[in-house]
Every structure is written in C-alpha cells, then in structure tokens.
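Trainee: Got a sequence here, can you build the structure:
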Amino acid sequence: MQPGLEGGIELKGIVAYDTYYGNTKLVAEAVLEQIKADGHEGELRNVRERYPAPPQGDFLFVGSPVRMGSVTRNTKRFVKNLDEAVWKDKPTAVYTTTGLMPRKFSDEKAKKTAEKWILGAGIKLRDLAKARGLNTADKLLYVEVKDSKGPLVDTGIEKTKQYTREFLQTLKK
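Mentor: A predicted model of the protein is given here:
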C-alpha cells in the first residue's frame with residue numbers, strides 16, 4: 001500500500017489541463033471534484049498560466065483537447081518541463097477531449113483511421129509521459145464533445161468521475 005492512504009492522511013493530486021472552448025477545463029474540474037470527494041487534496045493548473053512554483057503532488061492528471069489529431073503544444077511542453085526528479089515514478093493519468101467517435105464504420109480500415117485520429121493523441125501523450133519517467137496509467141480517459149466547440153456529451157462528467165475513482169483505487173494497492 002502506498003503511504004498516505006491509511007489513517008485518513010490524504011494525498012495531493014495535480015490536475016493540469018489545456019482548453020480552447022472550456023470542455024477540457026470542465027473535465028479537469030470534474031476530476032478535481034472527485035479527488036476531493038475521495039478525501040484527497042487537489043490543485044487545478046492551466047498549462048498556459050505561469051505559477052510561482054512548479055507543481056508538487058503525489059499523483060498527476062494531465063489533459064488536453066485533441067486538435068487535428070494531436071494534443072496541444074502547451075500540454076506537451078508542460079509534460080516535458082515536469083521536474084523528472086520530483087515526478088519520476090509518480091502515478092499519472094492522461095485524459096483528452098475529442099470529437100465524437102463514429103458509432104458505425106464502413107470497414108475495419110475506417111475504424112482504425114477514426115481511432116488513430118481520436119485516440120492516438122492521448123496515446124502519444126501517455127507515451128511522452130512514460131518516456132519522462134512518470135508512472136503513467138495505460139488506460140486513457142477520453143471524453144467526447146458533441147460539436148467542435150462542445151458541449152461535452154451527456155455522460156462525459158460521470159465517465160470522468162468513474163475513471164477518476166478507478167484511478168484513485170489503484171493508488172491503494
């Protein structure tokens with residue numbers, strides 16, 4: 001069991017995000033809300049803003065909208081600039097907001113193309129975090145938006161909270 005989970009001692013999570021139309025920020029706020037509901041401390045960080053001190057915590061969520069099949073440069077920069085000595089081996093979760101995943105495909109090739117565009121950005125961000133030494137969860141969270149500017153799909157917030165609960169459960173092992 002990881003230190004800090006027994007006897008009511010809380011852990012601190014950093015929830016970093018970039019956003020264009022506010023959808024990824026809504027997901028970040030839902031993550032933070034669930035972290036606090038589970039009895040932990042959390043801090044929200046917009047990767048576009050400057051802070052007086054680098055992020056310090058026990059675990060990290062980092063998210064971005066998917067734009068043209070990629071996460072934002074600001075999100076990648078945030079991950080690349082994390083202090084490796086501080087964040088090495090700390091549990092990390094990656095999330096993205098994406099366009100709608102087609103429900104039907106004409107063939108397997110069309111399905112793979114859609115998955116590459118919609119899910120590939122999160123996979124690349126996860127792999128970047130792993131390359132930086134972070135203990136990044138294999139399972140990604142992606143929350144769909146209804147149109148290019150949103151809003152989130154109706155199940156987006158609950159999906160986010162469920163993912164966050166599951167991630168926090170892995171910290172107890």
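Trainee: which residues of the chain score low on pLDDT?
Mentor: Applying pLDDT under 70 to the chain flags residues 1-9, 101-106, 111, 114, 173.
Trainee: Can you list the residue ranges for helices in it?
Mentor: For the chain, the helices defined by DSSP state H occupy 23-37, 73-81, 84-87, 108-131, 156-170.
Trainee: For Glu144, find the nearest of those.
Mentor: helix 156-170 (6.8 Å; Cβ to Cβ). In short, each C-beta sits where N, CA and C put it, glycine included.
Trainee: Packed most tightly, which of the helices of the chain would that be?
Mentor: Most buried of these, by mean neighbour count (mean count of other Cβ atoms under 10 Å): helix 23-37, with a mean of 21.
Trainee: From the contact counts, what lies against that one?
Mentor: Contact here means 3 or more Cβ pairs under 8 Å, 6 or more residues apart in numbering; DSSP states H and E; on that basis helix 23-37 packs against strand 12-17, strand 41-46, strand 59-65, strand 91-98, strand 141-144, helix 156-170.
Trainee: Now do stretch 70-78: everything it contacts.
Mentor: Here stretch 70-78 makes contact (Cβ atoms under 8 Å, 6 or more residues apart in numbering) with 16-18, 47-48, 62-65, 96, 121-122, 124-125, 128.
Trainee: can you pull the contacts of Val47?
Mentor: Val47 is in contact with Ala16, Tyr17, Asp18, Val62, Thr72, Asn74, Thr75, Arg77, Phe78, counting by Cβ under 8 Å, 6+ apart.
Trainee: Kindly reformat the helices of the chain as a markdown table containing distance to Gly57.
Mentor: Putting those into a markdown table (distance: least, Cβ to Cβ, whole Å) gives the following:
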| stretch | distance to Gly57 |
| --- | --- |
| helix 23-37 | 10 |
| helix 73-81 | 14 |
| helix 84-87 | 9 |
| helix 108-131 | 14 |
| helix 156-170 | 13 |
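Trainee: Which of those helices sits closest to Glu43?
Mentor: In terms of Cβ to Cβ, the element of the helices of the chain nearest to Glu43 is helix 23-37, at 8.0 Å.
Trainee: Measure how far that closest one is from the centre of its chain, please.
Mentor: In terms of Cα atoms, centre = their mean, to the nearest Å, the centre of helix 23-37 is set 10 Å apart from its chain centre.
Trainee: who's in contact with that helix?
Mentor: 13, 15-19, 41-44, 46, 61, 63-65, 95-97, 141, 143, 145, 149-152, 156-157, 160-161, 164-165, 168.
Trainee: circling back to that earlier point, which one of the contacts of Val47 sits closest to Pro54?
Mentor: Among the contacts of Val47, and counting by Cβ to Cβ, the member closest to Pro54 is Phe78, at 10.4 Å.
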